[in-house]
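J.: One predicted model, sequence on top.
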Amino acid sequence: TFYSMPDTKRINSFVERTEEKVAFCIKACRCFTHERSSLWMQQAYNFKKALEPMTQKALVLSVLFQLPHNFLYTAENRKYLAQLLEEFKDLPCTVEFRNAAWIKPSVFEGLAQRKASLAFCDMPAPVNADGNVTTNFTGPVAYCRLHARNKNAWYATDSTERFYYSKEELKKFV
């Protein structure tokens, strides 16, 4: 759902094919995170409408808002994020920051107040320059995203190696 707006028919097919036995974490469309426009509130309405086959059956565990590395910790972005979470307050939300400036107690508190979860994201620099960022889990979902630590493959066009973990790295993570 990241690259395009989901539609009700497609979401309903997920619900039907899984016989309502699977709950979903839905990645929010990039129109909320990477390509914001003045139309984002209408897009939010459309997004939530498309998810109705899942929301009506309580099958949405979380909506993930993956914010890009250039989503800086500014007053404007803090305000936008607060508005975005308010617009989606009826759904469980998780926020993934790829800019380390957001990893601070005041942000954890703000997310907790809004009942939003913080995604722990295991990835290479520049986000976690030392390869080890400690974050609090906030909200109702403990959300982990394992992107691997291969710096050379992170921005590569061919991402077959991007998500690879060695046995040693996995042991450390566990």
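T.: Perfect, thanks for sending it.

J.: In space, what's closest to F173 - neighbours in sequence excluded?
T.: With Cβ to Cβ, 6 or more residues apart in numbering as the criterion, F173 has its nearest non-adjacent residue at 6.6 Å, and that residue is D122. Yep, even glycine has a C-beta here, placed from its N, CA and C like the rest.

J.: For that neighbour, which residues count as its bridge partners?
T.: The partner list for D122 in beta bridges (DSSP bridges) reads L146.

J.: what number of residues lie near it?
T.: By the other Cβ atoms under 10 Å criterion, the neighbourhood of D122 contains 18 residues.

J.: who's in contact with it?
T.: By Cβ atoms under 8 Å, 6 or more residues apart in numbering, the residues touching D122 are N128, C144, R145, L146, H147, A148, R149, F173.

J.: Include neighbour count, pLDDT and distance to Y3 when you put those into JSON lines, please.
T.: Supplementary listing: the contacts of D122 in JSON lines, determined by neighbours: other Cβ atoms under 10 Å; pLDDT from 0 to 100; distance: Cβ to Cβ, whole Å:
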{"residue": "N128", "neighbour count": "18", "pLDDT": "47", "distance to Y3": "25"}
{"residue": "C144", "neighbour count": "11", "pLDDT": "83", "distance to Y3": "23"}
{"residue": "R145", "neighbour count": "14", "pLDDT": "84", "distance to Y3": "17"}
{"residue": "L146", "neighbour count": "14", "pLDDT": "81", "distance to Y3": "21"}
{"residue": "H147", "neighbour count": "17", "pLDDT": "77", "distance to Y3": "18"}
{"residue": "A148", "neighbour count": "19", "pLDDT": "75", "distance to Y3": "21"}
{"residue": "R149", "neighbour count": "20", "pLDDT": "74", "distance to Y3": "25"}
{"residue": "F173", "neighbour count": "11", "pLDDT": "74", "distance to Y3": "28"}
